[in-house]
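>>> Build me a model:
(chains A and B)
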Amino acid sequence: MILHILTTPPTSEVAQQVEQAIQAGDTLLLTEAGVTAALNPDLHCWTQADYAVFLLEEDLVARGLASLAASHGLATVDIDGFVALTEQHPQSVTWY
Amino acid sequence: MDYGLLVMGAPYSHSAPHSALRFAHAVLARGHQLVGVFFYHDGVHNASTLMTPPQDELNLRDAWQVLHEQHDVALDVCIAAALRRGVVSQSEAARHGYDTFNLEAPFELTGLGQLLTLQQRCDRLITFAS
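Below is the predicted model of the structure:
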């Protein structure tokens, strides 16, 4: 179980690499520009069920996307929840 | 748990240092120990004593220093990455014949070995990069 931390938009090459690398049972945390994935609820990461996906709340708020994410019913964690995810996952990879 | 952070983003250019700082405070708030922060690549600019943001903006170097003073967090800076980018301590400035320097305690110039030591010492090493 690996925590993947993605900091770039879903259109980036890095985001495509995460899609290839992530395994069933892993967790994907979208942070910084990665939270723009909230703009499109049809993205693969939202429609698949192999791994959990969370948006970092503070970064959503910073980009004015918090209410949009909520209206799409997308799961979020705050910075405290981010730490909790790192507690639950012995390994993490930051994609940037 | 013992945590270590690796910061590779430049202040005011990228989100990484701000993200790392917020994460650092959250780690401490949850009762963990933050053993150290290692600044690498463009992250070395976090250590510059010459950074002068407007007064109503966060001074990141000062924020890291407060973290050190209040929670005894080691602030290690990769010496090779720092010297390349013009971030130098007093002793390095003297060695290279410069009139001035812009890195001082509690930041310390160290080698990459320190990053490995931090990784081995900690239960978690989280990377913040841009």
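>>> residue boundaries of the strands in chain A?
Listed in chain order, the strands of chain A (DSSP state E) span A:2-6, A:27-30, A:52-56, A:76-77, A:91-95.
>>> Of those, which is nearest chain B?
Among those, strand A:91-95 comes nearest to chain B, with 3.9 Å by CB to the nearest CB. C-beta coordinates here come from the backbone N, C-alpha and C atoms, glycine included.
>>> tell me what the closest one is packed against?
On a contact count with 3 or more CB pairs under 8 Å, 6 or more residues apart in numbering or on different chains; DSSP states H and E, strand A:91-95 meets strand A:2-6, helix A:13-21, strand B:124-128.
>>> closest to residue A:86 out of the ones you listed?
strand B:124-128 (5.3 Å; CB to CB).
>>> Report the inter-axis angle for the closest one versus strand A:2-6.
20 degrees (axes from the mean of the first three to the mean of the last three CA atoms, to 10 degrees).
>>> Would you list the phi and psi of the spatially most central residue of chain B?
For chain B, residue B:39 is the residue whose C-alpha lies nearest the centre (CA atoms, centre = their mean; 4.3 Å). Dihedral pair for residue B:39: phi -100, psi 120, per degrees, to the nearest 10.
>>> Enumerate every residue touching the residue lying closest to it once chain neighbours are set aside.
Leaving out its chain neighbours, the residue that sits closest to residue B:39 by CB to CB, 6 or more residues apart in numbering or on different chains is residue B:77, at 4.6 Å. Contacts for residue B:77 (CB atoms under 8 Å, 6 or more residues apart in numbering or on different chains) come out as B:38, B:39, B:44, B:47, B:87, B:103, B:107, B:108, B:109, B:110.
>>> so which of the helices and strands packed on strand A:91-95 gets nearest residue A:35?
Nearest of these to residue A:35, taken as CB to CB: strand A:2-6 at 9.4 Å.
>>> ok now that closest one, how far from the chain's centre?
Relative to its chain's centre, strand A:2-6 lies at 8 Å (CA atoms, centre = their mean, to the nearest Å).
>>> Next, the angle strand A:52-56 makes with it.
40 degrees.
>>> how about stretch B:60-77: buried residues?
In terms of neighbour count (16 or more other CB atoms under 10 Å in any protein chain shown), stretch B:60-77 has its buried residues at B:60, B:61, B:63, B:64, B:65, B:67, B:68, B:73, B:74, B:75, B:76, B:77.
>>> So which of these belong to helices?
Among the buried residues of stretch B:60-77, the residues falling in helices (DSSP state H) are B:60, B:61, B:63, B:64, B:65, B:67, B:68.
>>> so where do the strands sit in chain B?
Counting by DSSP E, chain B has these strands, from start to end: B:2-7, B:33-39, B:74-78, B:107-110, B:124-128.
>>> any idea of the mean pLDDT for the longest one?
This points to strand B:33-39. Mean pLDDT, computed over strand B:33-39, is 98.
>>> Within its sheet, name the partner strands of that strand and how each one runs.
Note on strand B:33-39: by DSSP bridges, its sheet partners are strand B:2-7 (parallel), strand B:74-78 (parallel).
>>> Can you say which of the ones you listed is nearest to residue A:15?
Taking CB to CB, strand B:2-7 is the member of the strands paired with strand B:33-39 nearest to residue A:15, at 21.1 Å.
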